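Engineer: Sharing a model that was predicted from the sequence below.
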Amino acid sequence: MRIKKLAAVMTAAALAASLAACGSKGNQSDGAKDGASSNGDGADSGVIEIKLPTFMAGENVGAVFFLPEVERFNAKYEGKYKITIEEVPQAGYADKIKQLAQQNQLPVLVHAPGSGGIDAQWFKQVVLDNDMAYDLSAYAEKNPDVSGRWLEESVDFCTVDGKLICKPLSVLKPVGLYYNSTMYSADKDIRDMTIDEFMQSLGDNKLAFQTAENGWTSALMLSALIANEDGGIELLNSSAADKLWDYNDPAFVNGVTKLQKMLQENASSNTVGAAYADAANAFMSKSAAIICNGSWMASEFAEGADDKWSNEFNGADVKATIYPGNIALANPRTYGEFWVSNSASDAEKEAAEAFLAFRDSQEEIEALLLAEGGTAPKITYSDAFQEELKKEPILFQLSESMNENTKYCVALGDVFPSSVADTEFGKLLPKLIDGTLTPEEFCQELTKKAEEAKQ
């Protein structure tokens, strides 16, 4: 897919409100079961109310945009539809949804597999095999203005046995990296380097790696390293649908070999045992010059975020680009964002569809891009959006780092089975760092863990 040249990010709560539509009232219908929807005090108010359990609440980074968006939806459809948020910790979201599915009490709206810890295998074996997901095909046909904004690859992936079982993506968020220009500098853009040139350019500079949690920042760099190997992009992209289970391919082993060298020579001092928050702190305290992360992190470098900075770190010094070899990490072939429970009432499905349409309106898409970054290839951006985009240098840096020759590759998180992605990869990294495992042995051990996940 040729993706429109844009990756943007800035904190835009006020702008989101100004871009989002408001107004409109109407009729509505009945309440619902526990865990799915209700009408508040039980009175027949005529409002179709959906109770939405979500991890994008509280301190979760996704809450910054999502909660105000829900408020804007409720304001627009006041007297007709209402979404009530139930905050669920991200670590417990998958277990809650699985339990509700077992009890036949699924929420009306559920986050798609790949988010909130919900793995694709469970989704296929439980949700799809038991016809728990509502078919959105008729909704797509009735709303061509909405469905016309969806990415074709995501539509194809979300269509199973002729049914559209998830709302496809309309926004793609390519992942690159950030560097502190007062610490790291090079003769040319990292994008235009080979991997060997990039590694040589590092000198004594450190990268904000991590081994705890899912090894997020380390996994991103390994993804880019593999993608730069012969056959690496094909290996990863071809494995996004059914996962990659064998990591002994030469492209994978060669990528791990380079990662080991970087971990041993250019990793921040806190890497072993570091969770994401530790990696981010290493970068924003000048203990590391480079961090791999998505566009959503750019808000951490904006004016007003200085309470997270230390050791004379200044967000204005941060630059953004993509990976050596002109590679950006992105995966359009996913289950999208949400699916609707087939057990929901007709009224609840109506309200859910209204929210999905609202989320995919031009105003909300543009607000999301300005809040979290990304690209929406199927829409023509408004003049107001373009003007806001010009106000933040990082938006342009990330935008300009992608061109017609950029290659897009899925990240390891898209191809690992969930147990490997969430736990086993990070647990094995310290052994790669201290030399207990060679790159070949690391890949063999990782393959064993993947095999165990099949059982």
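Structural biologist: Alright, I've got the coordinates.
Engineer: where's the residue nearest the centre of the chain relative to residue 332, distance?
Structural biologist: Compute the mean C-alpha point of the chain, and by Cα atoms, centre = their mean the closest residue is residue 173, 7.0 Å away. Per Cβ to Cβ, to the nearest Å, residue 173 is found 10 Å from residue 332. The way it works is simple: take the backbone N, C-alpha and C, and place the C-beta from them, glycine included.
Engineer: now swap in residue 348 and tell me
Structural biologist: When distance is defined by Cβ to Cβ, residue 348 is 29 Å away from residue 332.
Engineer: Check residue 58 too.
Structural biologist: Counting by Cβ to Cβ, the gap from residue 58 to residue 332 is 29 Å.
Engineer: Same check on residue 110?
Structural biologist: 21 Å.
Engineer: Looking at those two, which one has more neighbours?
Structural biologist: Neighbour tally, residue 110 and residue 332, criterion other Cβ atoms under 10 Å: the higher count belongs to residue 110, 27 against 22.
Engineer: Name the helix or strand for the closest residue to the more buried one other than its chain neighbours, please.
Structural biologist: Nearest-residue entry for residue 110: residue 339, 5.4 Å, with adjacent residues in sequence omitted and distances by Cβ to Cβ, 6 or more residues apart in numbering. According to DSSP states H and E, residue 339 maps onto strand 338-340.
Engineer: Would you map the strands across the stretch 1-150 of the chain?
Structural biologist: Applying DSSP state E, counting those that start in this stretch to the stretch 1-150 of the chain gives strands spanning 48-54, 81-87, 109-111.
Engineer: Contacts for stretch 244-254 next, please.
Structural biologist: The set of residues external to stretch 244-254 that reach it, using Cβ atoms under 8 Å, 6 or more residues apart in numbering, is 225-226, 229-232, 235-236, 415-417, 439-440, 443-444, 446-447, 450-451, 454.
Engineer: Of these, which belong to helices?
Structural biologist: 225-226, 232, 235-236, 415, 439-440, 443-444, 446-447, 450-451, 454 (DSSP state H).
Engineer: For stretch 111-125, list every residue counted as buried.
Structural biologist: Residues 111-120, 122-123 are the ones in stretch 111-125 that count as buried (16 or more other Cβ atoms under 10 Å).
Engineer: Tell me if I'm right that residue 122 and residue 98 touch.
Structural biologist: Yes - using Cβ atoms under 8 Å, residue 122 makes contact with residue 98 at a distance of 6.7 Å.
Engineer: Can you list the low-confidence ranges for the chain?
Structural biologist: The model of the chain has pLDDT under 70 over residues 1-45.
Engineer: returning to that earlier point: show me how to select, in ChimeraX, the buried members of the ones in helices among the contacts of stretch 244-254.
Structural biologist: A single ChimeraX command selects the buried members of these (16+ other Cβ under 10 Å):
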select :225,226,232,235,236,415,439,443,446,447,450
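Engineer: just the ones in helices among the contacts of stretch 244-254 now: which is nearest residue 292?
Structural biologist: Distance ranking of the ones in helices among the contacts of stretch 244-254 against residue 292, using Cβ to Cβ, places residue 225 first at 10.7 Å.
Engineer: how about the closest residue in space to the closest one that isn't next to it in sequence, what does it touch?
Structural biologist: With Cβ to Cβ, 6+ apart as the criterion, residue 225 has its nearest non-adjacent residue at 3.8 Å, and that residue is residue 255. Taking Cβ under 8 Å, 6+ apart, we find residue 255 in contact with 222, 225-226, 228-229, 232.
Engineer: and the gap between residue 255 and residue 153?
Structural biologist: Going from residue 255 to residue 153 by Cβ to Cβ gives 24 Å.
Engineer: How about residue 422?
Structural biologist: Distance from residue 422 to residue 153, counting by Cβ to Cβ: 25 Å.
Engineer: same deal with residue 408?
Structural biologist: Using Cβ to Cβ, residue 408 is found at 10 Å from residue 153.
Engineer: how about the helix or strand encompassing residue 261: buried residues?
Structural biologist: Taking DSSP H and E as the definition, one finds residue 261 inside helix 250-266. Neighbour counts over helix 250-266 (16+ other Cβ under 10 Å) mark 251-260, 262-263, 266 as buried.
Engineer: what do you get for stretch 346-357?
Structural biologist: Quick answer for stretch 346-357 (16+ other Cβ under 10 Å): 347-357.
Engineer: what's the answer for stretch 426-433, then?
Structural biologist: Across stretch 426-433, burial judged by 16+ other Cβ under 10 Å covers 426, 428-430, 432-433.
Engineer: now do stretch 69-86
Structural biologist: Neighbour-count burial for stretch 69-86 [16+ other Cβ under 10 Å]: 69-70, 72-74, 76-77, 80-83, 85.
Engineer: chain center to stretch 427-441, what's the gap?
Structural biologist: How far stretch 427-441 lies from its chain's middle: 28 Å, per Cα atoms, centre = their mean, to the nearest Å.
Engineer: Kindly export it (C-alpha atoms) in PDB.
Structural biologist: Taking Å, rounded to 0.1, in the frame of the first residue of the first chain, the C-alpha atoms of stretch 427-441 are listed here in PDB:
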ATOM      1  CA  LYS A 427      12.700 -12.300  29.700                       C
ATOM      2  CA  LEU A 428      15.300 -13.700  27.300                       C
ATOM      3  CA  LEU A 429      16.900 -10.400  26.500                       C
ATOM      4  CA  PRO A 430      19.200 -10.200  29.600                       C
ATOM      5  CA  LYS A 431      20.700 -13.500  28.500                       C
ATOM      6  CA  LEU A 432      21.400 -12.000  25.100                       C
ATOM      7  CA  ILE A 433      23.000  -9.000  26.800                       C
ATOM      8  CA  ASP A 434      25.300 -11.000  29.100                       C
ATOM      9  CA  GLY A 435      26.300 -13.500  26.500                       C
ATOM     10  CA  THR A 436      24.600 -16.500  28.200                       C
ATOM     11  CA  LEU A 437      22.800 -17.000  24.800                       C
ATOM     12  CA  THR A 438      24.300 -16.600  21.400                       C
ATOM     13  CA  PRO A 439      22.000 -15.000  18.800                       C
ATOM     14  CA  GLU A 440      21.400 -18.500  17.400                       C
ATOM     15  CA  GLU A 441      20.500 -19.900  20.800                       C
END
